[in-house]
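*Asks:* structure for the following, please:
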Amino acid sequence: MEKLTHTEEETMQAVWRTGEGNVKAFMEHLDESLPYTTVASTIKNLEKKGYLSSRLVGNAYLYKPSVSEDEYKKKFMGHVVKEYFDNSYKELVNFFVEQKKLSAKELKEIINLIESGK
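*Replies:* Numbers count the residues shown, from 1 in each chain. Purely as a prediction, here's the structure:
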């Protein structure tokens, strides 16, 4: 699975939110400044990379994800933890605590999730 560019990730987020759809349907979930041609080109690139599959319906293509959002997160979050946090999820959490991006309440909720096994 190949790492996506920022624009490709944004487009995949739109695809995951939409499910199956055409370029216009995905554009409803994207930044309005992206032109149709850019989104259409990005969709084709995502299909070439294996992230999307398509089928022709009438004279329009419908696209749907070939890779789930969970699969993508698992693959690339694991890479982030490995490369930036010495393969330590503890270091990842510590980073967010130090950056004041994770409150004590949220940390307690995480602990409760861990202890409950969910």
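*Asks:* show me how far the helix or strand containing Met12 is from its chain's centre.
*Replies:* For Met12, the element it lies in under DSSP states H and E is helix 6-18. Distance, stretch centre to chain centre, for helix 6-18: 7 Å (CA atoms, centre = their mean, to the nearest Å).
*Asks:* what is the subsequent helix or strand relative to it?
*Replies:* helix 23-27.
*Asks:* before we move on, the earlier item: which elements pack onto the helix holding Met12?
*Replies:* helix 23-27, helix 36-48, strand 60-65, helix 69-84 (3 or more CB pairs under 8 Å, 6 or more residues apart in numbering; DSSP states H and E). The way it works is simple: take the backbone N, C-alpha and C, and place the C-beta from them, glycine included.
*Asks:* same thing but 7 Å
*Replies:* helix 23-27, helix 36-48, strand 60-65 (3 or more CB pairs under 7 Å, 6 or more residues apart in numbering; DSSP states H and E).
*Asks:* so which of those comes closest to Asn112?
*Replies:* Asn112 lies closest, by CB to CB, to one member of the helices and strands packed on helix 6-18: strand 60-65, at 31.7 Å.
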